[in-house]
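Trainee: quick one, fold the following:
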Amino acid sequence: MSARRAAIRAIRSHLPAGVLTNEQLAREFQDWEVEKIYAKTGIASRGVAAAGECASDLGVAAVQRLFGEGLCRPEEVDFLIFCTQSPDHFLPPSACLMQARLGLSTACGALDLNLGCSGFIYGLSLAKGLIETGQAALVLLVTADTYTKFIHPRDRGVRTLFGDGAAATLIAAQETAAEAIGPFVFGTDGRGGRNLMVPAGGLREPRSQESAVEYEDGSGAVRSREHLFMDGPEIFNFSLQEVPRAVRELLARSGKGLEEIDYVVFHQANRFMLEALRKKLRLPPEKFCINMETYGNTVSATIPMAMELARERGEMQGGDLVLLVGFGVGYSWGATLVRV
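Mentor: Numbers count the residues shown, from 1 in each chain. Below is the predicted model:
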């Protein structure tokens, strides 16, 4: 029997004009080789937002692609969810400012969601709830981050990984018998929060002369407490432990076997981590997405950007059952199934 279901109708992404290539990094860090950077990260170039260019600007541009292609009209949008960890201001919510810029109705709901690598999964869950409870018929989920603004230029540990970018995902109501989004699995372990963090700059630790002091760690990376810190080995160990567990729990909850999944898209952290997860889950390469070559780790936007690219390349087909997993900063993770 058919019922009101939420489904992904379209995804469009946007990258800033600025670009950081492996060749540029190799010139800055002369003990690095272009081929070695790519082999480990799977990234050839990264988008870099300009000074004064915010995540909301990238998100607005991604939404305008949806409008420009006639995929929806501004007045049709019932709710805007903006997922970012680099908002315009402490307050008001960036989503409210984006509503005005995009010309959405004043009857449209709008909110910010402060999540990183798992944010797209959480946003899909919120959109599904709004639609399937009759509170909205059309939801815009915008995921965008400008992590490069948090990175010290001499931080060797993270400079190769992160890029700026945005994705706008259109989620709409449809009458169908089968679920098109869900079920979901979520997890949180705040004990790992310190392993991927910008320590200073918020209300817990305001910026000060002390927080701006730069230091060099044991690996030769330079940063202050106002810059992004990542403990790579700890993040890797967390991911290898929790991601396979989340996949198993999701499959058990859905009653599906891994062989019934047509395509798998994980948060595009880096090639090394993704290959380790793929091998641990015994996934064939042709069913597993690694699509970050031209944009890097865009945090909350990696999954939808990778999905858009996989669809363009024919790696993911209409009607496919796709397994999505986001994981990282928080620690936070989430997994779901979507029918594209």
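
Trainee: can you pull the contacts of the residue of the chain most remote from its centre?
Mentor: Distance from the centre of the chain peaks at residue 1, with 34.1 Å (C-alpha atoms, centre = their mean). Contacts of residue 1 were listed using C-beta atoms under 8 Å, 6 or more residues apart in numbering, and they are residue 177. For the C-beta atoms, the positions are set from N, CA and C on the backbone; glycine is no exception.

Trainee: and it, how far from residue 193?
Mentor: Residue 1 sits 44 Å away from residue 193, going by C-beta to C-beta, to the nearest Å.

Trainee: now the end-to-end length of stretch 145-158.
Mentor: This stretch, stretch 145-158, spans 15 Å end to end (C-alpha to C-alpha, to the nearest Å).

Trainee: what residues of it count as buried?
Mentor: Residues of stretch 145-158 classed as buried: 145, 146, 147, 148, 149, 150, 151, 152, 155, 156, 157, 158 (neighbour count, 16 or more other C-beta atoms under 10 Å).

Trainee: that one: how far from the chain's middle?
Mentor: Distance of stretch 145-158 from its chain centroid, counting by C-alpha atoms, centre = their mean, to the nearest Å, is 16 Å.

Trainee: stretch 82-97 now?
Mentor: The answer for stretch 82-97 is 16 Å, by C-alpha atoms, centre = their mean.

Trainee: still on that earlier bit, nearest to residue 299 among the buried residues of stretch 145-158?
Mentor: When the buried residues of stretch 145-158 are compared for distance to residue 299 (C-beta to C-beta), residue 145 wins out at 4.1 Å.

Trainee: correct me, but the closest one touches residue 114?
Mentor: No: Residue 145 is not in contact with residue 114 according to C-beta atoms under 8 Å; the separation is 10.8 Å.

Trainee: list residues touching both of those two?
Mentor: Residues touching both residue 145 and residue 114 by C-beta under 8 Å, 6+ apart: 84, 85.

Trainee: and the chain, what are its domain boundaries?
Mentor: Split into domains by automatic domain parsing, the chain comes to 3-178, 182-339.

Trainee: turn those into JSON lines, columns for mean pLDDT.
Mentor: What follows is the domains of the chain, written out as JSON lines (pLDDT from 0 to 100):
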{"stretch": "domain 3-178", "mean pLDDT": "97"}
{"stretch": "domain 182-339", "mean pLDDT": "97"}
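
Trainee: can you map out the strands along the stretch 201-340 of the chain?
Mentor: Using DSSP state E, counting those that start in this stretch, the strands assigned to the stretch 201-340 of the chain run over residues 215-216, 222-223, 229-230, 263-266, 321-328, 332-339.

Trainee: how about the helices in this protein?
Mentor: In the chain, the helices defined using DSSP state H lie at 22-28, 34-41, 55-68, 94-102, 119-132, 232-254, 271-281, 302-313.

Trainee: what's the closest of those to residue 78?
Mentor: Taking these one by one with C-beta to C-beta, helix 119-132 is closest: 7.6 Å.

Trainee: returning to what we had before: make JSON lines out of the helices of the chain and add mean neighbour count and distance to residue 197.
Mentor: Shown next, in JSON lines, are those (neighbours: other C-beta atoms under 10 Å; distance: least, C-beta to C-beta, whole Å):
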{"stretch": "helix 22-28", "mean neighbour count": "14", "distance to residue 197": "23"}
{"stretch": "helix 34-41", "mean neighbour count": "15", "distance to residue 197": "21"}
{"stretch": "helix 55-68", "mean neighbour count": "22", "distance to residue 197": "18"}
{"stretch": "helix 94-102", "mean neighbour count": "19", "distance to residue 197": "21"}
{"stretch": "helix 119-132", "mean neighbour count": "23", "distance to residue 197": "16"}
{"stretch": "helix 232-254", "mean neighbour count": "17", "distance to residue 197": "11"}
{"stretch": "helix 271-281", "mean neighbour count": "17", "distance to residue 197": "19"}
{"stretch": "helix 302-313", "mean neighbour count": "22", "distance to residue 197": "19"}
